[in-house]
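In: what's the 3D shape of this:
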Amino acid sequence: MFTFETEQKVCKIGGLKVGGRPAENPPLLIASMFHNKDRILQDRKGNFDRVRATELIRKQEELTEATGIPGMVAMMANSAGEAKIYIDFFVETTDMPFAIDMWVAEKRMAATEYVAKLGLQDRFVYNSITPWDKDIPGQVQRVKELGIKHVFVQAFDDADQSPKGRLTSLEKLLDQGAGDFESVLVDSSVMNLPAASFSMLANRMIKEKLGLPCGSAYSNGTHMWKEAKEIWGLDGFKAMDAVAQGMSTALWSDFNFYGPIVTAPRIFPGVATANILLSTLVFDETGEVSENEDLPIRKHFSEFLEKMIAGGARKKAQAR
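Out: Numbers count the residues shown, from 1 in each chain. Just a heads-up that it's a prediction; the model follows:
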């Protein structure tokens, strides 16, 4: 279930490792900031509550330290000018990697040109090359000219929304040059909560065939299910959100766009818990636990881990 014949690629982004075999590295959690209805926003001209924004970034850094789960931020902007203000603030505040979340390709490229001008290519992930873009070869060429090393590539086919359709969509994008970067992270496109399972299955297919790191924005599914708050209230919504994002962590996801950064205090522990359980499942299948010291199971259950590994070694010896 968690073993692949294809070698799994590990990408290094701003000092973080993303991808590899299941439970080889902790999953990367990507927060959203400056999105619509974000309470730190004062307008769409670049004015925001800088004190509160700094607090939220510090909190995510604390959670990374406590859980071992790495984090970065995707900043939403409506114009290149607005994006520049957020980029300047972010790089002055933290060393975390970052991305820009801008749907219009021309505006996204203008913001990317600013990132390149600042020389931040090592810690920046271009977000993203999509099947809906009009000129994919031209976009790829320009991004490469700017020295961008890391990209998200979205996999989705409107005509075939099955897991196989996502794989086919990805291969069409790779044929147009979308894979010609140092790091290629595949976003398998969540459209609603139930369909998130198709994204997870697509992740498994893509990792099996191509070995690329995969994940998605599972918060798209949970936050779009607005009736959940009406049915169960806020606590019920939070539980639903944490379970969906934890489950995706256990099922072939190397990264997760987890939603507003303000939700980090519940998402990081939930994802860390799922990763701990995943590590044990992988051990049962392979007899191995990754040496990565940041794995949540190594940070929080080291004594149990030693006993588990010792027990596995005894079974091996007895079987000889």
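In: T263: neighbouring residues, count only.
Out: 20 (other CB atoms under 10 Å). Bear in mind the C-beta positions are built from the backbone N, C-alpha and C, glycine included.
In: Helix, strand or coil: sort out it for me.
Out: The three-state assignment at T263 reads helix, by DSSP: H, G, I helix; E, B strand; the rest coil.
In: ok, it - contacts?
Out: Shown in contact with T263 (CB atoms under 8 Å, 6 or more residues apart in numbering): D241.
In: On the pLDDT front, check it for me.
Out: Looking at T263, its pLDDT is 96.
In: Do you have the strands of the protein handy? List them.
Out: Per DSSP state E, the chain carries strands over the ranges 10-13, 16-19, 28-33, 71-76, 98-101, 124-129, 150-154, 183-187, 214-216, 255-260.
In: Would you mind finding the most buried of the ones you listed?
Out: Highest mean neighbour count among those (mean count of other CB atoms under 10 Å): strand 214-216, with a mean of 28.
In: Quick check: the gap between the spatially closest residue to M1 that is not a sequence neighbour and K9.
Out: Leaving aside its sequence neighbours, M1 sits nearest to E285 (CB to CB, 6 or more residues apart in numbering; 6.4 Å). Applying CB to CB, to the nearest Å, the value for E285 to K9 is 21 Å.
In: Which one of these two is surrounded by more residues?
Out: Remark: of E285 and K9, K9 carries more neighbours, 17 against 12, as counted by other CB under 10 Å.
In: mind checking pLDDT for the more buried one?
Out: 98.
In: That one reaches G19, doesn't it?
Out: Yes - here K9 reaches G19: they are 5.5 Å apart, a contact under CB atoms under 8 Å.
In: Pull up the overlap in contacts between the two.
Out: Common neighbours of K9 and G19 (criterion: CB under 8 Å, 6+ apart): 212-213.
In: isn't I30 right next to Y258, touching?
Out: Yes - here I30 lies in contact with Y258, judged by CB under 8 Å, at a distance of 6.6 Å.
In: before we move on, back to that, so which of the strands of the chain comes closest to A111?
Out: Distance to A111, taken as CB to CB, is lowest for strand 98-101 among the strands of the chain, at 4.9 Å.
In: What average pLDDT does the closest one get?
Out: Rounded mean pLDDT across strand 98-101 is 96.
In: Does anything pack onto that strand? Which helices or strands?
Out: Applying 3 or more CB pairs under 8 Å, 6 or more residues apart in numbering; DSSP states H and E, we find strand 98-101 packed against strand 71-76, helix 80-93, helix 105-118, strand 124-129.
In: give me that answer again for 7 Å
Out: Strand 98-101 is packed against strand 71-76, strand 124-129, with contacts defined by 3 or more CB pairs under 7 Å, 6 or more residues apart in numbering; DSSP states H and E.
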